[in-house]
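J.: Fold the stuff below for me.
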Amino acid sequence: MLLEHRGRRPVEVEVVDGLPRIVPFGLREQFNKQMTRTMEAFSEIVHVNDRLPIFKMKVEPDDKPEVTWVAGGSFAFALTNGKSLPILVDAENIFGTDTSFQSALTFESNRSGAWCVAPPGRCRLERGGRPA
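T.: Reported below is the predicted structural model:
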């Protein structure tokens, strides 16, 4: 993505980049495809406040009498100048009610001034307004 500012005054720009959904460690493909919302109850994201979120299943979602705890997880982090950045782990904070992840409704509605939300490719940032 290319951000190009052609104005004379500096502008502040907020950029959001990443995956809108991360499949938790331990979630089998069958459950992910057929019971996505139900599996959300079995999953958790820990260490968000430490800026090192770990995405995992709490327990195996099997229909059997014994509980099998999941020991493992997938993690994500971002660094700039040697310091960790905050990570948004709830897609609703960006997309709002758009569960197709096509429009960043919440992100766009909470911003003023210059903003740019675009698919991979080019995005020109015009002074004080929408992308060209």
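J.: pLDDT weak spots in this structure?
T.: Applying pLDDT under 70 to the chain flags residues 1-2, 111-132.
J.: surely Cys51 meets Leu79?
T.: One correction, residue 51 is Arg, not Cys. No - Arg51 is beyond contact range of Leu79, at 9.5 Å (criterion: Cβ atoms under 8 Å). For glycine as for every other residue, the C-beta is placed from the backbone atoms N, C-alpha and C.
J.: Just give the number of residues close to Leu3.
T.: Taking other Cβ atoms under 10 Å as the criterion, the count of residues near Leu3 is 15.
J.: ok, it touching Glu12?
T.: No - Leu3 lies out of contact with Glu12 (Cβ under 8 Å); the separation is 11.8 Å.
J.: For Phe55, see how far away Ala104 is.
T.: Separation of Ala104 from Phe55 (Cβ to Cβ, to the nearest Å): 21 Å.
J.: scratch that, Ser84 is what I was asking about
T.: In this view, Ser84 and Phe55 are 16 Å apart by Cβ to Cβ.
J.: Repeat that for Lys33.
T.: 18 Å.
J.: more neighbours, these two?
T.: For the pair Lys33 and Phe55, the greater number of neighbours falls to Phe55 (20 against 9), based on other Cβ under 10 Å.
J.: hey, where'd the helices end up in this protein?
T.: 29-34, 36-42, 92-95, 105-109 (DSSP state H).
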